[in-house]
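> below are the sequence and a predicted model for it; my questions follow.
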Amino acid sequence: MSIQAKQEEIIEEFSMFDDWMDKYNYLIEMGNSLEPLDEQYKTEKYLISGCQSQVWLYAWMEDGKLMIRGDSDAVITKGIVSLLLRVYSGEPPAEVYEDDHSFIDQIGLQEHLSPTRSNGLMSMLKQIKLYALAFKTKQEQKDKNE
Amino acid sequence: MSIQAKQEEIIEEFSMFDDWMDKYNYLIEMGNSLEPLDEQYKTEKYLISGCQSQVWLYAWMEDGKLMIRGDSDAVITKGIVSLLLRVYSGEPPAEVYEDDHSFIDQIGLQEHLSPTRSNGLMSMLKQIKLYALAFKTKQEQKDKNE
Amino acid sequence: MSLNTDIQKIRKSFPILKQEMNDRPLVYLDNAATTHKPRVVIDAISEYYNNYNSNVHRGVHTLSQKATEAFENSREKVRETINAASAHEIIFTSGATEAINMIAFSYGEKYIGEGDEIIISGLEHHSNIVPWQLVAERKNAHIKVLPVNEKGELILEKLDTLITKKTRIIAVNHISNTLGTINPVKEIIKKAHNHDIPVLVDGAQGIPHLDVDVQDLDVDFYCFSGHKVYGPTGVGVAYGKEKWLSDIPPYKGGGEMINRVTFEKTTYNDLPYKFEAGTPNIAGVIGLHKALEFVESTGKEKIRQIERELLDYATSQLKQIEGLKIYGEATNKTSVISFLINDIHPYDAGTIFDKLGIAIRTGHHCTQPLMDHFKIPGTVRASFAPYNTKKEIDILVEAIKKVKTMFG
Amino acid sequence: MSLNTDIQKIRKSFPILKQEMNDRPLVYLDNAATTHKPRVVIDAISEYYNNYNSNVHRGVHTLSQKATEAFENSREKVRETINAASAHEIIFTSGATEAINMIAFSYGEKYIGEGDEIIISGLEHHSNIVPWQLVAERKNAHIKVLPVNEKGELILEKLDTLITKKTRIIAVNHISNTLGTINPVKEIIKKAHNHDIPVLVDGAQGIPHLDVDVQDLDVDFYCFSGHKVYGPTGVGVAYGKEKWLSDIPPYKGGGEMINRVTFEKTTYNDLPYKFEAGTPNIAGVIGLHKALEFVESTGKEKIRQIERELLDYATSQLKQIEGLKIYGEATNKTSVISFLINDIHPYDAGTIFDKLGIAIRTGHHCTQPLMDHFKIPGTVRASFAPYNTKKEIDILVEAIKKVKTMFG
Ligand SMILES: Cc1ncc(COP(=O)(O)O)c(C=O)c1O
Ligand SMILES: Cc1ncc(COP(=O)(O)O)c(C=O)c1O
């Protein structure tokens, strides 16, 4: 499924919720079912700064796709990590890099987008884009050299 | 003439002025006719701090009376110095020390009394009282010893 | 009068309390971070700008005189409030943090050298830790820490063994912002003075709740912020005994703090100006005056009585919630409750509280070493002011139950 | 539109201008000391306290988010105003004085050592002299002074001979507060950078009058105060190039400026927070935003045009008064006139001006070395803002004539 398609799916899922409680309960559910990050990656190196809770994001390339794993010590944050992973993990880095993450707005989590939010959704997105850019550049270099 | 009498005289003089201009012109006149302080006393030691203009006050005892001379580089300030000298110089230090300088209020110069006024009328009064206290104490000590 | 009548009367003075947050009536339980401002404070600031805005000191004109008088009257009000011996022992700063930095720097320049020791406590706010670390680093001195027991109280007996011939100063807060513990600063000062060691008390949380008498405490330095005692942001106070303030070098250089400047040699102004370089926060200082008047007219005794009732009520209600653990159970504490619910992350809880209209602080509250002591990443902290109500505590209790279910 | 129509429109924004002083309409000519505040600034402060007062950063709740957003939006506005490359190069301080002290301390800690040299100019305000003297004293470094000519201009050619291999920094103001001289800071910076020497510009008087583009100037540090640019008291800005700010150590320690605190080791937060210890002047920062918007919507070009006309008119009027001497006749100057009337003491003149409703500054204007240069104790200084009128200048001229008669 493309980034676009996955985002639309999520928007549809969230459109079913009438109130914030249901939405947060869903985020919590997703947070609780997030596959835990291997302890070896829960280090300073993978820590996203500027969050009230700790968030780690780890990424690598597999068959030309950007693979991401992440974790947090707070459940709502884990839920958000889970959303981001669902959308971006397994996609070509170039597409991840170019996406405008407008779905966040559309599922009513725009309040989390403010750069001053201490949950760091903005920081997470930034980190994912940085990973994408790094791998994209690497790949382009490789393609050129071949 | 007693401190009290001199103050009453000044109050009467000032009561003749209808507006601030006449009052200030009188202060300026007094300032201009103030006998200049001997240069040897225009030093750091006799300088009153906290004034926008420089003010020096020098005092000594003569026949049991507190004698004061003073000067300033600003004329209005000199006028005020002149007023103070007229009232306090030549009087017994104990009386100078105890006077409540209420005449300042009554001649409409109360605005100069604020401790935050940078002309330092308050500082001048304080210094005169300090001189009075010092000489008064000295005299009392002497009287005791005799 | 009943408690609630008193509270309702106080609430009327605070315009912000009519606000909603997330479509619910605002329940503001973040008073240890900053208190709200009564109308008199807000009006005093507007009035200053509308009627007599002017730079202070050295201005001959009436506007400047008016501003200067209002500014200096505030200094006198602060003096009276903490019963300082003299108004020139009151230095206006931009806040408690700057006040502590100023003393740490200036005292440190003169009295702290290589190998010397500074004692702080395990309960301190970063603002009373990092300034000392900066001095210690610059001077090659050491920090020693007075430890905390499981109830969140200082272990006073340990002080005797910490004090050595190399101890140069002791810095401790009056009240812990995270736990609410009221520290025995008078005893600490007495012990310190027995060894001729001065004491700085971080009164950021002390001033809003306690009667502070710096002469009775015999404290050497006392620092606090305006914004935590119903006053404006950007203004604080460093009180110091005259003998110290005249003795230690200035902190910042600039306008007002000098007597005479030449390129070769500069002489400093008298106290308090020696420590007040540059144009001060005039509006802030004037607002602080009104805030202290507000506290006085409300009555510190009344404030404490309300806060005590709120604390007792909240504590008993929270204790009934299974899985809720309160951090900080000092015998002598003020209206702050830090807690955790099961193993729910404070951030998760805070997010839901916010949705329910409750403004509450979560995290380490700038006391990471204390969090390390309890081996937790942070807490949820409810802190009460005399405009809070029992009903608001009920709302908090309901919210906690909801959080428990959501993350259960 | 005529000049006067423009001025009248601007005047309407400033509530204080309706005040009387000593029973006469207030003629406020003390704008270099502090400017008045437009209604939008005063209202923004009340609005903050009435609607969303809260401590900033790290608060999960909506109130704290709102305050933080307003606070950070102001930072972005400052960035835009001076065209900094990045918002995190904008450090909020309590004023220009603190900003300069901060840079002098932090830069000095890292880069100034024994025998090193600091160049300042003969036109400096005490706030850009004393901080460097304090650093020089601590580090055993020396101050060298770029001299001033009789017109009150810097003698730029002398800079080449002052710069040596030991020069570590050059600090100079953008505009002299006493004389109005606009200094050739761009040339100074170019010369300095040829020798890899950074430059701090004291922009306290620059920001209200000039278009400042820190990237175009290529200036390393630029400092100013809010209260001199129609903003609140107690807030200022230190701009620094990222490379410097990340490089130099923090100035104050406390909340917000840290990343992680333990008693053993503390790591500092990213820019700009590393330099913003403690609760900032939130209301002040929010008010500054509105002040900069006010300047923008009025138009700097318009402001300069009005000020230029007022300056030209006042200069020509004052020059016609016999015995009046103007200090500061730089070719490139802003709306400040310092003068003396015969040998009448500035204090005497100021006292009479005050009685006539004119708020004007007298004294050394915190530039004693400059007064020494001219061998005078002080001046009378009239400084104009775009809300001043030609009529007010006429009132000043009449007052000067009266002063001449009274002390004649
Ligand atoms: C040129 C200059 N530099 C620095 C300052 C200091 O500004 P503040 O007193 O606002 O810190 C001033 C203000 O008088 C000034 O005119
Ligand atoms: C105990 C304590 N000390 C110091 C501070 C610092 O105060 P400010 O941030 O107002 O400078 C605080 C505020 O959080 C505090 O609670």
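Good, I have the coordinates. Ligands and ions are numbered 1, 2, ... in the order given.
> pretty sure residue C:403 sits against residue C:342.
No. In this structure, residue C:403 is not within contact of residue C:342 by CB atoms under 8 Å, at 9.4 Å. For glycine as for every other residue, the C-beta is placed from the backbone atoms N, C-alpha and C.
> neighbour count: the two, which is higher?
Higher neighbour count among residue C:403 and residue C:342: residue C:403, with 21 against 14, using other CB atoms under 10 Å in any protein chain shown.
> contacts for the host helix or strand of that one, please.
Assigned by DSSP states H and E, residue C:403 belongs to helix C:390-407. For helix C:390-407, the surrounding residues in contact (CB atoms under 8 Å, 6 or more residues apart in numbering or on different chains) are A:21, A:24-25, A:28, A:75, C:3-4, C:27, C:29, C:309-310, C:313-314, C:317-318, C:321, C:323-324, C:341-342, C:344, C:348-349, C:352-353, C:356-358, C:360, C:382.
> enumerate the positions of that helix that are buried.
With burial defined by 16 or more other CB atoms under 10 Å in any protein chain shown, the residues of helix C:390-407 counted as buried are C:392-393, C:395-397, C:399-400, C:402-404, C:406-407.
> of these, closest to residue C:52?
Set against residue C:52, the nearest of the buried residues of helix C:390-407 by CB to CB is residue C:392 (38.7 Å).
> so is stretch A:68-77 next to chain C?
Yes. Interface with chain C: stretch A:68-77 contributes A:73-77 (CB under 8 Å from any CB of the partner chain).
> ok, that stretch near chain D or not?
No. Judged by CB under 8 Å from any CB, stretch A:68-77 stays clear of chain D, getting no closer than 10.3 Å.
> which single helix of chain A contains the most residues?
In terms of residue count, the longest helix belonging to chain A (DSSP state H) is helix A:121-145.
> for it, buried residues please.
Neighbour-count burial for helix A:121-145, counted by 16+ other CB under 10 Å, picks out A:121-125, A:127-129, A:131-132, A:135-136, A:139.
> out of those, what pair is the most spread apart?
Across the buried residues of helix A:121-145, no pair lies farther apart than A:121 and A:139, at 26.8 Å, counting by CB to CB.
> show me the helices in the stretch 1-150 of chain C, by range?
C:3-11, C:39-47, C:62-82, C:96-111, C:130-139 (DSSP state H, counting those that start in this stretch).
> pick the most buried one from the ones you listed.
helix C:96-111 (a mean of 25; mean count of other CB atoms under 10 Å in any protein chain shown).
> assign a three-state SS to residue C:277, would you?
coil (DSSP: H, G, I helix; E, B strand; the rest coil).
> just checking, it touches residue C:261?
No. Assessed by CB under 8 Å, residue C:277 is found out of contact with residue C:261, at 11.8 Å.
> overlap in contacts of those two?
By the contact definition CB under 8 Å, 6+ apart, residue C:277 and residue C:261 are jointly contacted by residue D:130.
> so those two - more neighbours on which side?
Neighbour comparison, residue C:277 and residue C:261: the larger count goes to residue C:277, with 29 against 25 (by other CB under 10 Å).
> near chain D, which residues of the stretch 101-250 of chain C?
Proximity of the stretch 101-250 of chain C to chain D, by CB under 8 Å from any CB, involves residues C:101, C:104, C:109, C:125-127, C:129-134, C:138, C:143, C:145, C:225, C:227, C:232-235, C:250.
> for chain A, which segments count as strands?
In chain A, the strands defined using DSSP state E lie at A:47-48, A:55-62, A:65-72.
> just to revisit the earlier point, export the buried residues of helix A:121-145 to CSV and tack on pLDDT and distance to residue C:65?
Below are the buried residues of helix A:121-145 laid out as CSV (pLDDT from 0 to 100; distance: CB to CB, whole Å):
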residue, pLDDT, distance to residue C:65
A:121, 85, 53
A:122, 85, 50
A:123, 86, 51
A:124, 91, 56
A:125, 91, 56
A:127, 93, 57
A:128, 95, 60
A:129, 94, 58
A:131, 95, 63
A:132, 95, 64
A:135, 94, 68
A:136, 91, 67
A:139, 86, 72
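> from those residues, pick the one nearest ligand 2.
For the buried residues of helix A:121-145, the minimum distance to ligand 2 (CB to the nearest ligand atom) is 24.0 Å, reached by residue A:123.
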